[in-house]
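Participant: I'd like to go over a predicted model; first the sequence, then the structure.
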Amino acid sequence: MKQRTHSGAKKRLRLLSGGKVKRKQTRMRHLNSHMSSKVKRQLGEVVYVDDANMYQTRRLLVF
């Protein structure tokens with residue numbers, strides 16, 4: 001069977017040249033009116049996948 005990249009991970013994650021994986025944070029889709037501006041600003045930032053989850057992430061992003 002042919003090996004394929006996980007299409008959901010392909011849309012949500014970006015593999016960087018240094019080996020890190022870039023991702024967006026959760027909890028910013030709806031029900032944001034009760035959140036402070038500081039929290040919304042922090043959640044809008046791009047973060048990197050933790051080292052503990054890198055094995056699973058690299059398996060999803062084969063190519």
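Facilitator: Received it, and whenever you're ready, just let me know what you need. Numbers count the residues shown, from 1 in each chain.
Participant: what's the most centrally placed residue in the chain in contact with, if anything?
Facilitator: Geometric centre of the chain, nearest residue: residue 23, 2.4 Å, by Cα atoms, centre = their mean. When contacts are counted by Cβ atoms under 8 Å, 6 or more residues apart in numbering, residue 23 is found next to 12, 13, 14, 46, 47, 48, 49. Every residue, glycine included, has its C-beta placed from N, CA and C.
Participant: Kindly report the same for residue 26.
Facilitator: residue 43.
Participant: quick one: secondary structure of it?
Facilitator: Recorded secondary structure, residue 26: coil (DSSP: H, G, I helix; E, B strand; the rest coil).
Participant: From residue 47, how far off is it?
Facilitator: 10 Å (Cβ to Cβ, to the nearest Å).
Participant: Could you list every helix and strand that the one helix or strand residue 59 maps to packs against?
Facilitator: Taking DSSP states H and E as the definition, residue 59 sits inside helix 54-60. The contact analysis (3 or more Cβ pairs under 8 Å, 6 or more residues apart in numbering; DSSP states H and E) places helix 54-60 against strand 21-23.
Participant: Identify the residues contacting the next helix or strand after the strand it packs on?
Facilitator: On the C-terminal side of strand 21-23, the nearest following helix or strand under DSSP H and E is helix 37-43. Contacts with helix 37-43, where a contact means Cβ under 8 Å, 6+ apart, come from 25, 26, 27, 28, 32, 35.
Participant: If anything else comes up later, I'll come back, but that's it for now.
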